[in-house]
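K.L.:
Fold the following for me, if possible:
(chains A and B)
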Amino acid sequence: MLEMNNINKIFQTADIQTHALRDFCLHVNEGEFVSVTGPSGSGKTTFLNIAGLLETYSSGEFLLDGKDVGKLNDNGRSRLRNEKIGFIFQGFNLIPDLNLYDNVDVPLRYRGFNSKERKRRIEENLERVGLATRMKHLPSQLSGGQQQRVAIARALATSPRFLLADEPTGNLDSEMAQGVMALLEEINQQGTTIIMVTHDAQLAARAKRTIQVKDGQVNEQQSAPILNKQAIA
Amino acid sequence: MFNYYLRLAWISILRHWGLSLLMVSAIGLGIGAAITTVTVNYLMSSNPIPEQSEQLFYVQLDSWDVNDPFDDGLNPPDQLTYTDATNLMRAKQAFRQSVQAQAFAVIEPTDPDMLPLIVNARANTADFFTMFNVPFLYGNPWSQASDDNKEHVVVLSKASNEKLFGGENSVGQSIKLAGNMYRVVGVIDNWQPKPRFYDITTGAFNDTEDIFVPFHLIADEKISRSGNTNCWKPTGDGFQAFLASECIWTQFWVQLNSAQEKAEYMQFLNAYVQEQQQLGRFQRPIDNRLSNVMQWLASQEVVADDAQMMMAMSFMFLMVCLLNTVGLLLAKFLGKAPEIGLRQALGASKRTLFYQYIIESACIGIIGGILGLILAYFGLQGIELLYGDAMKDLATLDSKMAGLAVVLALFSSILAGLYPTWRACHIQPAQQLKSQ
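P.N.:
Numbers count the residues shown, from 1 in each chain, chains lettered A, B, ... in the order given. Predicted coordinates for the structure are as follows:
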């Protein structure tokens, strides 16, 4: 489903070349819950950005659902991102000017759903995260945990096959973090593939599969109940 | 999606109201200044008689001093002598022709309780009304026969008819001018051609006259002429000597309906001047001119250089305002970098983002345009206050100018928004989402 073969990402400044990813190889199958850990600067966020088509790579091959991502133009990447990928960020990234309903509506607008379908999906997903009664509230009127739930509702609204989460509990206290993790586990059980970057070893352990990124490479893999064909460069 | 983008633009404008206000003010000021000057220039240079301007020709003959040419020799005199005007009238070589001059008169009311009324008058021949499409409220122009028979007839303006007869149909009634009774044959409706093309020597933007009387009354000394008079040699004593002099004070128009008629009339003018040369007049090289209405207005520089300079400066001011708007939009859109990055993550392509932000720029432009219209209205009121009656009717916004203001504002704001929008669309989403 997600297949990265020998992906390299080099950041070039005036004098220095930085290899953020070096011959990075990873295969993720449908339905997996993969946690990605690693020290700061190891390349895990770069990996997540490339996986989410937010960043291009310098060389290698990246197939998403069999589609060669490297051959897509901006429109094609945007469409693929909208259809197949949902994002959850550490900082929630809700649009402060829009209420919850309109925040969840954003990816649905780009998808081109009609208003009836958008309304159904928004209500259904806000209901799912327990915030259906607060649709007209602005993000600033919610707690951090509630904001992250809205971000999850937004990520799920387009029914993505992938959920990419970058430190989803990083800005939450432990109680709220547990709640968000439970929600992610529930979503995964319903069939959505999740890749979660985290520093928290305890939360990482709750994933079905854990990989560690170090110096831009996948250098360790812990046991996982779902079989995968990961290649370690 | 258009409605969605409009809604987002509205939310964004309200949310960043301070910045939005600055941009709207910048565009509004620029548009206001531009539209004010464009309106004045537009009205100054408009065609006052579009349906007939190609067939009406102003006649110029160079009867001036051989040693001291008129207008440094660039143009022949801008009026005709009485001798030439009446000779051309008598010749009747054009389809229609009219000689005219400005005059003034005092109307003596029949009611002894009323005060005499000083009025501006135009002394002209019968074809004047037909040639210049003068609209009549009551009655008709006087006839050619009235001119020939030297009848005492008068045509009143609508305003004069209001004053003298309370607006009633006064055709057949009489008024008294300098002791003589004149029969009212017609009352004209509102008629204010701008520029007042038929006589720009006495002010291109003056109002039309209060009354119109036959031209022969001047020669008969029954009405006093006024207006510009230029002479290049002594006139001699007495009014008859003045009429026979080389002083120029009449305007002569002809109606020629085809190029052939024009060519034939020019031949006639040349023959006339050659004939006059044999009589010792017209010592300068032949320089007869037939200028249609717009050519005549252009040659007399009816649109003042000052007005054109002001318009150029106002457009430069608009450019400065737009550059400011570019800076403000850039600040606003780059301030939205995190939102732009997020929208890209949620599926927005660069193209959709471009539409979204260019629509926001256009909305700011439209609001700026409306403000500009209001400012232009006040600007034109200011011009009217400053320059008085001369600018009346020239300082008026019409629907064309209002439309131009909105289109100009829209175009300007989209132009100003192009670079900031392009920059916004090329924001790297990964960097923005990480920095949140």
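
K.L.:
Give me the neighbour count for the single nearest residue of the stretch 51-200 of chain B relative to chain A.
P.N.:
Here the stretch 51-200 of chain B gets closest to chain A at one residue, residue B:194, 50.2 Å apart by C-beta to the nearest C-beta. Every C-beta, even on glycine, is put in place using the N, C-alpha and C of the backbone. Neighbour count for residue B:194, taken as other C-beta atoms under 10 Å in any protein chain shown: 18.

K.L.:
how much space is there between it and residue B:46?
P.N.:
7 Å (C-beta to C-beta, to the nearest Å).

K.L.:
Spit out the residues that contact the two alike.
P.N.:
Taking C-beta atoms under 8 Å, 6 or more residues apart in numbering or on different chains as the contact criterion, residue B:194 and residue B:46 have no common neighbours.

K.L.:
who does the most centrally placed residue in chain A bridge with?
P.N.:
In chain A, the residue lying closest to the centroid (C-alpha atoms, centre = their mean) is residue A:164, at 1.0 Å. Residue A:164 has the following beta-bridge partners by DSSP bridges: residue A:87, residue A:195.

K.L.:
surely it meets residue A:51?
P.N.:
Yes - taking C-beta atoms under 8 Å as the definition, residue A:164 is a contact partner of residue A:51 at 6.0 Å.

K.L.:
and for those two, which residues touch both?
P.N.:
Common contacts of residue A:164 and residue A:51 (C-beta under 8 Å, 6+ apart): residue A:195.

K.L.:
okay, the residue of chain B found nearest chain A: pLDDT?
P.N.:
Residue nearest to chain A within chain B (C-beta to the nearest C-beta): residue B:347, separated by 2.6 Å. Residue B:347 carries a pLDDT value of 87.

K.L.:
Excluding residues flanking it in the chain, which one is nearest it?
P.N.:
residue A:82 (2.6 Å; C-beta to C-beta, 6 or more residues apart in numbering or on different chains).

K.L.:
what about residue B:78, how many neighbours?
P.N.:
Going by other C-beta under 10 Å, the residues that sit close to residue B:78 add up to 18.

K.L.:
Revised request: answer the last question for residue B:82.
P.N.:
23.

K.L.:
Could you check how far it is from residue A:191?
P.N.:
Look at residue B:82 and residue A:191: by C-beta to C-beta, they are 104 Å apart.

K.L.:
Can you tell me how far the residue in chain A that chain B sits nearest to is from residue A:159?
P.N.:
Relative to chain B, the nearest point of chain A is residue A:82 (2.6 Å; C-beta to the nearest C-beta). Between residue A:82 and residue A:159 the computed distance is 11 Å (C-beta to C-beta).

K.L.:
Those residues of chain B touching chain A, which are they?
P.N.:
B:1, B:4, B:11-12, B:15, B:338-339, B:342-352, B:428-430, B:433-434, B:436 (C-beta under 8 Å from any C-beta of the partner chain).

K.L.:
run the last query once more with 10 Å
P.N.:
B:1, B:4-5, B:7-8, B:11-12, B:14-16, B:336, B:338-339, B:341-353, B:425, B:428-436 (C-beta under 10 Å from any C-beta of the partner chain).

K.L.:
Pretty sure the residue of the stretch 51-200 of chain B closest to chain A sits against residue B:200.
P.N.:
No - at 11.2 Å, residue B:194 and residue B:200 do not qualify as touching, with contact defined as C-beta atoms under 10 Å.

K.L.:
what do the two both touch?
P.N.:
Applying C-beta atoms under 10 Å, 6 or more residues apart in numbering or on different chains, one finds that residue B:194 and residue B:200 are jointly contacted by B:206, B:302.

K.L.:
and residue B:135, what is it in contact with?
P.N.:
B:129, B:158, B:188, B:189, B:190, B:191.

K.L.:
what does residue A:151 give?
P.N.:
Contacts of residue A:151 by C-beta under 10 Å, 6+ apart are A:86-94, A:103-104, A:129, A:139, A:165, A:168, A:180, B:342.

K.L.:
can you tell me the helix or strand for it?
P.N.:
helix A:144-157 (DSSP states H and E).

K.L.:
Pull out the buried residues from that helix.
P.N.:
A:144-157 (16 or more other C-beta atoms under 10 Å in any protein chain shown).

K.L.:
closest to residue B:104 among these?
P.N.:
Comparing the buried residues of helix A:144-157 against residue B:104 with C-beta to C-beta places residue A:154 closest, at 82.0 Å.

K.L.:
so that closest one touches residue A:110, yeah?
P.N.:
No - counting by C-beta under 10 Å, residue A:154 stays clear of residue A:110, with 11.8 Å between them.

K.L.:
Can you tell me the SS state at the residue nearest to residue B:347?
P.N.:
helix (DSSP: H, G, I helix; E, B strand; the rest coil).

K.L.:
Am I right that residue B:124 is in contact with residue B:130?
P.N.:
No - between residue B:124 and residue B:130 there is no contact under C-beta under 10 Å: 11.3 Å.

K.L.:
which neighbours do the two share?
P.N.:
B:98, B:141.

K.L.:
the more surrounded of the two?
P.N.:
Using other C-beta under 10 Å as the criterion, residue B:124 and residue B:130 rank with residue B:124 on top: 30 against 14.

K.L.:
how about the nearest residue to that one, chain neighbours excluded?
P.N.:
Closest residue to residue B:124 apart from its sequence neighbours, by C-beta to C-beta, 6+ apart: residue B:100 at 3.7 Å.

K.L.:
do residue A:92 as well
P.N.:
Leaving aside its sequence neighbours, residue A:92 sits nearest to residue A:147 (C-beta to C-beta, 6+ apart; 4.3 Å).

K.L.:
right, and the one you found touches residue A:95 too?
P.N.:
No - in this structure, residue A:147 is not within contact of residue A:95 by C-beta under 10 Å, at 11.4 Å.

K.L.:
what residues do those two have in common as contacts?
P.N.:
A:103, A:139.

K.L.:
Could you tell me the angle between the helix or strand hosting residue A:116 and helix A:144-157?
P.N.:
Here residue A:116, judged by DSSP H and E, is contained in helix A:115-128. On the basis of axes from the mean of the first three to the mean of the last three C-alpha atoms, to 10 degrees, helix A:115-128 is oriented at 140 degrees to helix A:144-157.

K.L.:
For helix A:115-128, buried residues please.
P.N.:
A:118, A:121, A:122, A:125, A:126, A:128.

K.L.:
ok, the buried residues of helix A:144-157 vs residue B:319, which is closest?
P.N.:
For those, the nearest to residue B:319 is residue A:154 (42.8 Å; C-beta to C-beta).

K.L.:
residues touching that closest one, list them.
P.N.:
A:86-88, A:92-95, A:100, A:103-108, A:122, A:125-126, A:129, B:342, B:346.

K.L.:
Swap in 7 Å and give it another go.
P.N.:
A:103, A:104, A:106, A:107 (C-beta atoms under 7 Å, 6 or more residues apart in numbering or on different chains).

K.L.:
Contacts for stretch A:111-123, please.
P.N.:
A:82, A:101, A:104, A:105, A:108, A:132, A:157, A:158, B:347.

K.L.:
ranges for the strands of chain A?
P.N.:
Assigned by DSSP state E, chain A shows strands spanning A:2-12, A:17-28, A:33-37, A:59-64, A:67-68, A:85-88, A:162-166, A:193-197, A:209-214, A:217-221.
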